[in-house]
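*Asks:* Any chance you could fold what I've pasted below:
(4 chains)
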Number of protein chains: 4
Amino acid sequence: MGNTFGHLFRITTWGESHGGGVGVVVDGCPPGVALSEADIQPDLDRRRPGQSSITTPRKETDTVHILSGVFEGRTLGTPISMMVRNEDFRPEAYGEMATKFRPSHADYTYQAKYGHRAWPGGGRTSARETIGRVAAGALARKILRERWGVDVLACVTRVQDIECAVDPETFLARDAEANAIRCPDPETAARMVDLIERRRGEGDSVGGIVLGVARGVPTGWGEPVFDRLEADLAKAMLSLPASKGFDVGSGFGGLGLTGLQHNDAFRSVDGRVRTVTNRSGGIQGGISNGETIYFRVAFKPVATVMHEQDTVDVQLQNTTLKGRGRHDPCVLPRAVPMVEAMTALVLVDHALRHEAQCGRTAWKGA
Amino acid sequence: MGNTFGHLFRITTWGESHGGGVGVVVDGCPPGVALSEADIQPDLDRRRPGQSSITTPRKETDTVHILSGVFEGRTLGTPISMMVRNEDFRPEAYGEMATKFRPSHADYTYQAKYGHRAWPGGGRTSARETIGRVAAGALARKILRERWGVDVLACVTRVQDIECAVDPETFLARDAEANAIRCPDPETAARMVDLIERRRGEGDSVGGIVLGVARGVPTGWGEPVFDRLEADLAKAMLSLPASKGFDVGSGFGGLGLTGLQHNDAFRSVDGRVRTVTNRSGGIQGGISNGETIYFRVAFKPVATVMHEQDTVDVQLQNTTLKGRGRHDPCVLPRAVPMVEAMTALVLVDHALRHEAQCGRTAWKGA
Amino acid sequence: MGNTFGHLFRITTWGESHGGGVGVVVDGCPPGVALSEADIQPDLDRRRPGQSSITTPRKETDTVHILSGVFEGRTLGTPISMMVRNEDFRPEAYGEMATKFRPSHADYTYQAKYGHRAWPGGGRTSARETIGRVAAGALARKILRERWGVDVLACVTRVQDIECAVDPETFLARDAEANAIRCPDPETAARMVDLIERRRGEGDSVGGIVLGVARGVPTGWGEPVFDRLEADLAKAMLSLPASKGFDVGSGFGGLGLTGLQHNDAFRSVDGRVRTVTNRSGGIQGGISNGETIYFRVAFKPVATVMHEQDTVDVQLQNTTLKGRGRHDPCVLPRAVPMVEAMTALVLVDHALRHEAQCGRTAWKGA
Amino acid sequence: MGNTFGHLFRITTWGESHGGGVGVVVDGCPPGVALSEADIQPDLDRRRPGQSSITTPRKETDTVHILSGVFEGRTLGTPISMMVRNEDFRPEAYGEMATKFRPSHADYTYQAKYGHRAWPGGGRTSARETIGRVAAGALARKILRERWGVDVLACVTRVQDIECAVDPETFLARDAEANAIRCPDPETAARMVDLIERRRGEGDSVGGIVLGVARGVPTGWGEPVFDRLEADLAKAMLSLPASKGFDVGSGFGGLGLTGLQHNDAFRSVDGRVRTVTNRSGGIQGGISNGETIYFRVAFKPVATVMHEQDTVDVQLQNTTLKGRGRHDPCVLPRAVPMVEAMTALVLVDHALRHEAQCGRTAWKGA
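*Replies:* Prediction:
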């Protein structure tokens, strides 16, 4: 259970690291959207291993195939099935994983929960699982852009101790994409890449922060009380592998302020209601207010390190395990398209929910 | 939409600040659970206004009535409807709210989304909405305790700049309940209360952090990949009014560590798999690992302050608005039972989901 | 579980025969709909006992209260909670029910499933449970009428062996409402009433058929492949107490025809695609085609009869039981508003689902 | 939307007649179930075209591939993705279908709803869509058999006017499988086959009835009030292509009886509660009572006939259309495995739901 996300624009992902492939079924996509593999592949290429010096050298082309839901280049309104075949099997590289639980991985909890586990490559817990999300997210981003003029983007703002301030209103995707770590500040990016390479040289790994942004979201998206926009974003982000935290707008950083300091005053600007500041992060009471939505996602340091660590085996005996093979020393650059994908999936779902309930009745002053 | 939470243990809340009342329907509760209003009222009393010097002096007894689902003192397995009548109406105190949008409240977004809004007391956006959650959460906590020996508790660890370290493994609920702010450290609690009273004297408000904890959760709860335990907790917490952030385990605080420093080594202890440290926060790969679950929730400073602030009215004209009436200067002590309630609701739902799929097959080594 | 119905216009019902009341929470209702108790009560009056000589003489006014979701006479878009208090308790009339399972009732299955059962009045299995459905259905019918010009109606076409042909395209609600059995043909209605009174005199009961109709449904409602319009109607009807069958359009009656005889030819009429016949019952491939939707629902004879019958008690001992008290000899006239309610709930839910996915893209030729 | 079925054992199907293939993702399958393609293929072979003289001669092997969710021959508890590639494309055979709406097919409603439609082979409305259901159903049947000893089976009891009585308690699957029409009475089966061949010779088609049966279902499955077992069965059956009706137990046929005649008396037999008759069809109050579950499903005559028929084209012009190519003259023998699959899917879902809520508390007398 738990492999479906969304209420109206709904995705179901499937696949393990070393089975026949990984994929996604998208149900609820509006009909008539122009779609081909060329719309999906670029985001998968940003997600795949081997794209730069600081990602794992695993060789996977991750070529997507659209199997259904599209006819003569446009979506049908029926389920869109997308699939990527698995390649580059080297199960022998993971021999010890069959019997030993990797620290801070999910080997033990999967074994305990299901009593049976696909140990090669981590099975379902592999980052390959996110391929389906990114494929579906690429479609969602396209719909948001074409139908509502919404831009979804993300970038890295922190790696271990190296951090830079990024303005969610103005940073450019092309600046983030211009370097291997996907930080829009080139000087900081260079330091981040250096740090990652140093940690890799030490057989170690690092974590950091991805900033997620949606610009141009109209007022009114979000469904109180449980399906608030920030609640669904929080769930989406915490569902990503290795994520440990989420905050929106001023977040944890705003706690030092008083209410008077923190409040976003309203002003009427060109017949629209705007806020003077945006500590709300574009969401008030669970509903978008027309300002830029932004939030941070914390990703822990990668659990696989090239050092001997204490652990336990499936016989419950104490033992040690040392990481081997090809691994990312830092998940962050590859997490950027994942954050974008999940953001877009949340937004398009809420857009459709809003139109369903309020499409005919929303306030003309909005 | 969006007023239902949970998959198997499912709650639906209803009610506005000034209508006939507020309530909740719980569907999916196991039959045979001993239940009366006496099991629910204590948590509502911890949530209600007027309970201490640092909460709003609004007078509401918030007396719960169980209308269905219980017969001869035990649950039937049919929906449990619980309700609290609204009292202490003073709509005239809120006259300006009919036409002006309170800064950093949801007045504007509700108006824009729905085109029509219950302005007295904030309508559905009032904190009264959480009564249904806390009532259902009290039931969930009881089931967790009786059936699985799980303890759910929460406390305040930060108010504006005043913070103290609290050990999630060991702090006592009675220490948190011993003071008005619900911080288990008495010295810090006293300083927090002082600060809140000072801010109230200034017509201002503050925010802070609630620590949520679940002790005794068995290994195996949580449903990858989207319904990870931490993802559902994040959604639950970000669905609470005024919450702005969530992190689990080491969270944002662990980002300075390397993977080698951060990993939780496994050890076999008395035939059980344990972790030496608990930076994972009791969850690995979305599934509980048997350690204590803990997480932080950031609550922003209360938006209602007794100062003139810039805003806009329903005619889109610039104007100002000054807070009046009885308000909490700090939401945190009343947020504690809300965090506990939502935590318990997530856990009992996942407990049932786990038993449904894996009840007969889970690994005997767990 | 199972007490929620609908995907976007979603209802959750609660309540037993002899608890604090029965009710419903409607989530997802569009905002801005004019609504008061006066819109709901008439359908409840058509459902309630004691309304005619052939229904049970139980005295219940079934007065509805709207507790939330409406402000200044219009819906808010937030949950609408509606409630009817229970009255006329006479649990002593049902004494034997505490220990004996009534044949062809749900006493035994509830006892077996839940291990605990509200025996007075049948608890949750009482027809009172449908009050919430009818209240929500009255709202759904109003929305269908005002927003899409859709008329939902139903009537009785068969009681035991007495049957009459009713044209779904043309029969009038006022003709059905003109008599106690709600059959639009007055001569047949009189014979039906006679038969029911005779059976009641014999301490016996009868069943029959309700015809459900929706006129004016636009082309395009319904969600293949599982949530076909007829599939959701079938579920809705089989969820009503005492229902045993459903067919749509030609249904079981069309099985004697060949394909050539059965097919509905298309014709272009005034720029619209129409069918010459309507054996499809207004639905093709799970989607409405613009013709009148009609279907039949079979209701079994009422299980409570005033005769000694063989049964078993909670100690699993053979015994006998004789019906006592006030009961309907025929559920059909009171089932008419239930069928209308469930039909309207299915339709408004699908209307919103259709607008969400296809609202901007549907074919202009439709 | 609408391509997902089930709450805990949940399937999502995808695919059109002429795209890359058709398939299904099963989420929520218990871990540890032995599974390979050999468990799935036999039911697909019973569903596929070309299997006998009275099905379409289309040549499709419909070979299933399990792409995920199984490791070392046992299910993992993660999503099981199964796929069948499309073969035997002959889009040119359907040329007119691009512009003309086939009477009593879904061409028009799909065009009207989605504005865009995969006309080759009927796209998503093709019977190929049911491949995913049958594959998932084969898995569900295996689990029901192994875990609860439940047998799900179905057979044909009527073709146009030829009907025979079949005892749901005793008929044998091997008798039904012994002939091309899948009717367990060999003499009736022979007459049915003759009739179908005659109709095919006339370029015409026929419909009929499938009897669905589940033996050995324990007491307690089913979730009142909306998700009654018969309600979910009704939805499941009416979601099958060409189905027009459903009744359970005595169904429409029991309406001539009085309550006294119709009721199923209870008797205690060997410490179990049994019914003397089974007009309830094994379900009371929406919950299984331990007796055999049986129901009928009406399938209309196949809409494709080899005769010129009136219709309309996409320009809304009147025209005619004559069926061509290879088609089933009668859907019934291929509907048998579909009915079995949907029955099994409903049952396994309800089994898990029941265990989740009541697994620890169900009455020991059941």
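
*Asks:* residues near the nearest residue to A:Ser250 once chain neighbours are set aside, how many?
*Replies:* Of all residues not flanking A:Ser250 in the chain, A:Arg279 sits nearest, at 4.0 Å (Cβ to Cβ, 6 or more residues apart in numbering or on different chains). Yep, even glycine has a C-beta here, placed from its N, CA and C like the rest. By the criterion of other Cβ atoms under 10 Å in any protein chain shown, A:Arg279 has 20 neighbours.

*Asks:* Could you do A:Val33 as well?
*Replies:* A:Val33 has 22 neighbouring residues, counting by other Cβ under 10 Å.

*Asks:* just to revisit the earlier point, I'd guessed the residue nearest to A:Ser250 sits against A:Asp247; true?
*Replies:* No - using Cβ atoms under 8 Å, A:Arg279 is not in contact with A:Asp247; the gap is 11.4 Å.

*Asks:* would the residue nearest to A:Ser250 count as being in a helix?
*Replies:* No - A:Arg279: not assigned to a helix; according to DSSP: H, G, I helix; E, B strand; the rest coil it is coil.

*Asks:* ok now do it, which residues does it touch?
*Replies:* Applying Cβ atoms under 8 Å, 6 or more residues apart in numbering or on different chains to A:Arg279 gives the contacts A:249-250, A:254, A:257, A:262-264, B:104, B:300.

*Asks:* show me what contacts the residue of the stretch 251-366 of chain A found nearest chain D?
*Replies:* Closest contact between the stretch 251-366 of chain A and chain D, by Cβ to the nearest Cβ, is at A:Leu352 (9.5 Å). A:Leu352 sits next to A:8-9, A:28, A:30, C:356-357 when contact means Cβ under 8 Å, 6+ apart.

*Asks:* Format those residues as CSV; extra columns: secondary structure, pLDDT and neighbour count.
*Replies:* Shown next, in CSV, are those (DSSP: H, G, I helix; E, B strand; the rest coil; pLDDT from 0 to 100; neighbours: other Cβ atoms under 10 Å in any protein chain shown):
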residue, secondary structure, pLDDT, neighbour count
A:Leu8, coil, 98, 25
A:Phe9, coil, 98, 28
A:Gly28, coil, 98, 24
A:Pro30, coil, 97, 21
C:Ala356, helix, 96, 26
C:Gln357, helix, 96, 27
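
*Asks:* which residues of the stretch 51-200 of chain A fall in helices?
*Replies:* A:107-114, A:130-148, A:173-177, A:186-201 (DSSP state H, counting those that start in this stretch).

*Asks:* quick one: which of those is nearest A:Leu229?
*Replies:* helix A:130-148 (13.6 Å; Cβ to Cβ).

*Asks:* how far is that closest one from where the chain is centred?
*Replies:* The chain centroid and the centroid of helix A:130-148 are separated by 12 Å under Cα atoms, centre = their mean, to the nearest Å.

*Asks:* Convert the C-alpha atoms of it to PDB, please.
*Replies:* Output in PDB follows, covering the C-alpha atoms of helix A:130-148 (Å, rounded to 0.1, in the frame of the first residue of the first chain):
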ATOM      1  CA  THR A 130      11.700   8.100  -7.900                       C
ATOM      2  CA  ILE A 131      11.900   7.600 -11.700                       C
ATOM      3  CA  GLY A 132       8.200   7.200 -11.900                       C
ATOM      4  CA  ARG A 133       7.600  10.300  -9.800                       C
ATOM      5  CA  VAL A 134       9.900  12.400 -12.000                       C
ATOM      6  CA  ALA A 135       8.300  11.200 -15.200                       C
ATOM      7  CA  ALA A 136       4.800  12.000 -13.900                       C
ATOM      8  CA  GLY A 137       6.100  15.300 -12.500                       C
ATOM      9  CA  ALA A 138       7.400  16.400 -15.900                       C
ATOM     10  CA  LEU A 139       3.900  16.000 -17.200                       C
ATOM     11  CA  ALA A 140       2.500  17.900 -14.300                       C
ATOM     12  CA  ARG A 141       4.900  20.700 -14.700                       C
ATOM     13  CA  LYS A 142       4.000  21.000 -18.400                       C
ATOM     14  CA  ILE A 143       0.300  21.200 -17.600                       C
ATOM     15  CA  LEU A 144       0.900  23.800 -14.900                       C
ATOM     16  CA  ARG A 145       2.900  25.900 -17.300                       C
ATOM     17  CA  GLU A 146       0.600  25.700 -20.200                       C
ATOM     18  CA  ARG A 147      -2.700  25.900 -18.400                       C
ATOM     19  CA  TRP A 148      -2.000  28.200 -15.500                       C
END
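
*Asks:* Rounded mean pLDDT for that helix, please.
*Replies:* For helix A:130-148, mean pLDDT is 98.

*Asks:* ok, it near chain D or not?
*Replies:* No - judged by Cβ under 8 Å from any Cβ of the partner chain, helix A:130-148 stays clear of chain D, getting no closer than 9.8 Å.

*Asks:* what does the stretch 51-200 of chain A put close to chain B?
*Replies:* Within the stretch 51-200 of chain A, the residues that sit near chain B (Cβ under 8 Å from any Cβ) are A:101, A:103-106, A:108-116, A:124-125, A:129, A:158, A:160-161, A:199.

*Asks:* Now with 6 Å, please.
*Replies:* A:101, A:103-104, A:106, A:108-109, A:111-113, A:115, A:125, A:129, A:161 (Cβ under 6 Å from any Cβ of the partner chain).

*Asks:* In TSV, list the residues you listed along with distance to chain C and neighbour count.
*Replies:* Below are those laid out as TSV (distance: Cβ to the nearest Cβ, whole Å; neighbours: other Cβ atoms under 10 Å in any protein chain shown):
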residue	distance to chain C	neighbour count
A:Phe101	35	27
A:Pro103	38	29
A:Ser104	36	30
A:Ala106	29	28
A:Tyr108	31	29
A:Thr109	27	29
A:Gln111	30	21
A:Ala112	26	25
A:Lys113	22	31
A:Gly115	26	22
A:Thr125	30	26
A:Glu129	26	24
A:Asp161	46	11
